[in-house]
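Colleague: Return a 3D structure for these sequence lines:
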Amino acid sequence: MAIEQYWGTGRRKTSVARVRIIPGGEGGIIVNKKPITEYFQRADHWQAAQRPIEHVEKVGEYAVLVNVKGGGHTGQAGAISHGLARALVKAEESLKLSLKKAGFLTRDARMVERKKYGQKGARARFQFSKR
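Modeller: Predicted coordinates for the structure are as follows:
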């Protein structure tokens, strides 16, 4: 007998989150083997990460297990949010319209612009000197 579980992969900046939800779990969110409030020091990060499950009012109905790597805390929170929304759609197809309308299923494609060679940064230039 296999445990019913649903996977969703979320991405944001350079972060990748593999989110697994299990129906009927104790309802907590575990990120890299730590509770979400312990993993993220700032409240806005863990609130952003669990926003999709709150939006569809399914808090406590699923156990959420997350492996996330790459980037910083803001990117990781966004990746978890994206992956959680994708996993919820796999679990319940009826949630897709609500999550899509709220923007949780759209991958945020913004990335850091690369630094150009011979220059100070992506857009910054060394000061021009006429003489």
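
Colleague: low-confidence ranges in this structure?
Modeller: Regions of the chain meeting the criterion pLDDT under 70 cover residues 1-2.

Colleague: Helices of that one, residue ranges please.
Modeller: Assigned by DSSP state H, the helices in the chain fall at 36-39, 43-49, 51-55, 73-91, 96-102.

Colleague: In contact with residue 57, which residues?
Modeller: With contacts defined as CB atoms under 8 Å, 6 or more residues apart in numbering, residue 57 has no neighbours. All C-beta atoms are positioned from the backbone trio N, CA, C, and that covers glycine.

Colleague: And it, how close does it get to residue 88?
Modeller: 11 Å (CB to CB, to the nearest Å).

Colleague: thinking again about what came up before, just name the most buried of the helices of the chain.
Modeller: Highest mean neighbour count of those: helix 73-91, a mean of 24 (counted as mean count of other CB atoms under 10 Å).

Colleague: counting contacts, what elements does it pack onto?
Modeller: strand 6-12, strand 15-23, helix 43-49, helix 51-55, strand 62-69, helix 96-102 (3 or more CB pairs under 8 Å, 6 or more residues apart in numbering; DSSP states H and E).
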